[in-house]
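Asks: sequence and computational prediction follow.
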Amino acid sequence: MNDKKNEEQQSGEFNIAEYTDIIGNRIGILRNKLGLTRSAFANRLGTYQRFITSWEAGKTLPSTPYILKICFEFNVPLAYFDPRIEDADPLNFDKGTPEFERMKEKVDWLFDEMKELIVRVNEMNEED
């Protein structure tokens, strides 16, 4: 079972429950490292404490805009939320460190994939 889980993580395949748990856990780690209560964290994001509680408990996922807002508000790289990166420290992304470089490579890859997908969708729309 553990081998299958590691294989899925390396291939980038996660089920939604695992992904929701990972994201919620990372939000909790970040909030605790910042020394913020759920209420204070929610206020900084312009949302409600109940959403933070739900995210951290792995019950719901924050929307993409909230993930981005977390990144910008707390100066955390988007790659922090990549579930394929284990033991990511949200506040330790100094440029030049191996961890930062690994994260940067993965984010660059993700953005390249997104650009390629957008081009394909645009091409398909032009054909219609």
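Replies: Done, it's in.
Asks: heading C-terminal from the worst-scoring helix or strand of the chain on mean pLDDT, find the next helix or strand.
Replies: When each helix and strand of the chain is scored by mean pLDDT, DSSP states H and E, helix 2-11 comes last, with a mean of 47. Counting by DSSP states H and E, the next helix or strand C-terminal to helix 2-11 is helix 16-34.
Asks: just checking, what packs against the next helix-or-strand element following that following helix?
Replies: Remark: after helix 16-34, the chain's next helix or strand is helix 38-45, criterion DSSP H and E. Where contact means 3 or more CB pairs under 8 Å, 6 or more residues apart in numbering; DSSP states H and E, helix 38-45 is packed against helix 16-34, helix 49-56, helix 64-74. Using the backbone N, CA and C atoms, a C-beta is placed for each residue, glycine as well.
Asks: contacts only, for the closest residue to L36 other than its chain neighbours.
Replies: Counting by CB to CB, 6 or more residues apart in numbering, L36 lies nearest to R44, which is 7.3 Å off, once chain neighbours are set aside. With contact taken as CB atoms under 8 Å, 6 or more residues apart in numbering, R44 is in contact with 36, 73-74.
Asks: and of the helices and strands packed on helix 38-45, who's closest to N125?
Replies: With CB to CB as the criterion, N125 lies closest to helix 64-74 of the helices and strands packed on helix 38-45, at 21.6 Å.
Asks: can you list the weak-confidence ranges in the chain?
Replies: Low-confidence segments of the chain (pLDDT under 70): 1-14, 91-97, 99-100, 103-104, 107-108, 110-111, 114, 128.
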